[in-house]
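> Provided below for reference: sequence and predicted model.
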Amino acid sequence: MKNFLAATIVLASSVFVSATPVGSPTLNARACSTAYPTIARVDSAQPVASYLPGFVVSQDAGAKNKQDAFAEFAIPAGSYGCSLEAYFPAGYPISSSGKAQVYVYSTDKPLSFSPRGSDVSWDYSPQAVSQVGTVTFTADPAAPKRIFINSFACQPKMTYRFSISRDSTAAGAVSFQQTNGAGLRMTYNC
């Protein structure tokens, strides 16, 4: 019985030893995928004007003459971990004045398009549904700057409306040139 118990202990311990991995596993870092948006702008002073260029968000005192911007991202099916952010290289030019804090809203529908581009106007544009972030667009003169806005479940079309705070009647403005290396982006599959 004594030999049987000793043999059982030796066999059991050899099973545990053989199941222990040899060396440490190597984990490779995964690179994120990045999507850049289609940008559209609407202007309350031109309620039916479409095809307005550039990322411009502004309002005059009294919350008059508002300009809102839209960013729409096309994300591949099956993607995960979508993060909306802004990225600016060192010294990237951003124009801002007054109350330049921008509210970010999810929208009730995607942008509409025609052969000329995004066909939206103040009167015929996706409406804000929920505030999903707040951002002040700034660049660092000496280093690249990444500004995290929020994370979302990925969808094939992700559309956001950018507006000066709806709670403020102060004048404010922010604008920058959106490119595939500066401005808004969506990272996913990180």
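Good, I have the coordinates. Residues are numbered from 1 along each chain as shown.
> number of nearby residues for Pro115?
The number of residues packed near Pro115 is 5, by other C-beta atoms under 10 Å. From N, CA and C alone the C-beta is placed, and that goes for glycine too.
> Next up, the contacts around it.
With contacts defined as C-beta atoms under 8 Å, 6 or more residues apart in numbering, Pro115 has no neighbours.
> Next, the contact list for the residue nearest the centre of the chain, please.
Centroid-nearest residue in the chain, with C-alpha atoms, centre = their mean: Leu84, separated by 1.2 Å. Taking C-beta under 8 Å, 6+ apart as the criterion, Leu84 is in contact with Val104, Val132, Gly133, Ile149, Asn150, Ser151, Phe152, Met158, Tyr160, Leu184, Met186.
> again with Pro156
Pro156 neighbours (C-beta under 8 Å, 6+ apart): Ala74, Ile75, Pro76, Ala77.
> Looking at those residues, state which has the most neighbours.
In the contacts of Pro156, the most neighbours by other C-beta under 10 Å go to Ile75, 19 neighbours.
> In this structure that residue contacts Phe152, no?
No: applying C-beta atoms under 8 Å, one finds Ile75 not in contact with Phe152, separated by 9.6 Å.
> Could you pull out the residues contacting both of the two?
Both Ile75 and Phe152 are in contact with Cys82, Met158, where contact means C-beta under 8 Å, 6+ apart.
> helices and strands of this structure: which one bottoms out on pLDDT?
helix 2-19 (a mean of 45; mean pLDDT, DSSP states H and E).
> On the C-terminal side of that helix, identify the next helix or strand.
The C-terminal neighbour of helix 2-19 among helices and strands, as given by DSSP states H and E, is strand 33-35.
> Helices - which of the contacts of Leu84 land there?
Of the contacts of Leu84, none are assigned to helices by DSSP state H.
> which among those end up buried?
Buried subset of these (neighbour count, 16 or more other C-beta atoms under 10 Å): Val104, Val132, Gly133, Ile149, Asn150, Ser151, Phe152, Met158, Tyr160, Leu184, Met186.
> The lengthiest strand in the chain: how far from the chain's middle?
If you go by DSSP state E, the chain has its longest strand at strand 64-74. Distance of strand 64-74 from its chain centroid, counting by C-alpha atoms, centre = their mean, to the nearest Å, is 14 Å.
> What helices and strands are in contact with it?
Counting contacts by 3 or more C-beta pairs under 8 Å, 6 or more residues apart in numbering; DSSP states H and E, strand 64-74 packs against strand 38-43, strand 55-60, strand 157-164.
> Kindly reformat these as a markdown table containing distance to Asp123.
Converted to a markdown table, the helices and strands packed on strand 64-74 look like this (distance: least, C-beta to C-beta, whole Å):
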| stretch | distance to Asp123 |
| --- | --- |
| strand 38-43 | 9 |
| strand 55-60 | 17 |
| strand 157-164 | 14 |
